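Novice: okay, predicted coordinates and the sequence, questions at the end:
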Amino acid sequence: MKTGKSLQELAVEIERQANTKRDLVAPVEKLRFIVEGKAVNEDEVELAVAKKDGTTDYLGINQLAHSQIAEYVGIPQPYYRRLLAEDPRLLEQNVNRWLPAVKDDRRLVRTLDGKVRAFLSDKYRPLDNEELAEAVLPVLLDRKLSILSCEITERRLYIKAVDERILQDVPTGKALGDGSHHFFDTISPGIVISNSEVGFGATDISASVFTRACTNLALYGTLIRKTHVGARIQAGDDAYALFTDHTKKLTDGAALSQIRDVVAAAFDEARFAAHADKLKEAAGVKLEAKVVTEVVERFGKKYQLTEGTRNGILARLIEGGDLSKYGLHAAVTRHSQDVEDYDTATELERLGGQVIDIKATEWKQLTAVAA
């Protein structure tokens, strides 16, 4: 598991952001994409929001918001990124040409620390991190779980907790001597709670399994997902309408209650035992040494992994010496710890869990020996 913030550090950052972030609903016609300065860099590209009182707010734009603006105006991401890096003024012309193309449209602009962090539909119904944390943290603490890793990125909030009081040994695909003596991993059930305030996926509560010796974490099942689409925000005729505190907290009370119930029931021992059985079965599904490199290459292409990620997984698989489906699962989750980006690391933890559920026919194709 990739190390992030402690729970205390996360709480401080959530509170800081709650006191700093700012939301507005703006008609598209009141928005302008502008470039300031002569020696242009990305920090000098801003979104200008004309206010009803005749003044204008100038906001920086983070990387995620840039990608959302590109999608909204219909500019292909690679071309947008190239213009942003090489010719921001041409990009300015392109964006401003297409921004007002949809008449009477409005956008939800979410800001933090003076920058646009999300450029969303005004139907987007935010579930803010402080609301989710307030709902789930008392449940986690009441169950005396070990909260091993937390993070808050530009895209998502993560809380990863494990019940280390529940233990089970599972055999790996490694064995000694004649193969009658197997190595074992000790595992515990876990939960991963994640949320995006900025349109990067739904609120997600997933079951996970924590391997104690190597501190690997693998996500293996979504327990609940809640999307952030609701009724269009009523902002009146203002050119620039801030959410009120009341509107910010207009999340579905029933949904939060359901999330709390799911978190409380996440450590069902029967579900955990059933997954442990899958891990035991995977340990017996072997890989031939002569096709290991090709298997990882096929696997990487199937899941659109970068060359660096494929090489990292291969290195961990060879290093672990466990040439089995279980070993591939472990190699993917172990490599996640080497990835710098926390969002990417968590996706690899999810992918590692998915390895166990690869169907027999797909596994056969993945591991076939070339003629």
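Specialist: Done, it's in.
Novice: helices of this structure, residue ranges please.
Specialist: Here the chain has its helices, by DSSP state H, at 7-20, 63-73, 77-86, 88-98, 129-142, 245-248, 253-264, 269-283, 292-302, 307-320, 325-336, 342-356, 360-366.
Novice: between the ones you listed, which one is nearest to Leu219?
Specialist: Closest approach to Leu219 among the helices of the chain is made by helix 342-356 (4.2 Å; CB to CB). Heads up, the C-betas are built off the backbone N, CA and C, glycines and all.
Novice: pull out the buried residues from the closest one.
Specialist: By neighbour count with 16 or more other CB atoms under 10 Å, helix 342-356 contains the buried residues 342-343, 345-353, 355-356.
Novice: let's have these in CSV, adding distance to Ser196 and pLDDT.
Specialist: Listed next are the buried residues of helix 342-356 as CSV, based on distance: CB to CB, whole Å; pLDDT from 0 to 100:
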residue, distance to Ser196, pLDDT
Tyr342, 13, 96
Asp343, 10, 96
Ala345, 16, 96
Thr346, 12, 96
Glu347, 13, 96
Leu348, 18, 96
Glu349, 17, 96
Arg350, 15, 96
Leu351, 19, 96
Gly352, 21, 95
Gly353, 20, 95
Val355, 25, 96
Ile356, 26, 95
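Novice: tell me which of these is nearest to Val291?
Specialist: Of all the buried residues of helix 342-356, Val355 has the smallest distance to Val291: 16.0 Å, by CB to CB.
Novice: picking up where we left off before, would CSV of the buried residues of helix 342-356 with distance to Tyr80 be doable?
Specialist: Output for these, formatted as CSV (distance: CB to CB, whole Å):
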residue, distance to Tyr80
Tyr342, 24
Asp343, 20
Ala345, 26
Thr346, 26
Glu347, 23
Leu348, 27
Glu349, 30
Arg350, 28
Leu351, 28
Gly352, 32
Gly353, 33
Val355, 34
Ile356, 38
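Novice: switch the helices of the chain over to TSV; also include distance to Val198.
Specialist: Shown next, in TSV, are the helices of the chain (distance: least, CB to CB, whole Å):
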stretch	distance to Val198
helix 7-20	11
helix 63-73	6
helix 77-86	17
helix 88-98	19
helix 129-142	10
helix 245-248	15
helix 253-264	19
helix 269-283	31
helix 292-302	28
helix 307-320	24
helix 325-336	23
helix 342-356	12
helix 360-366	34
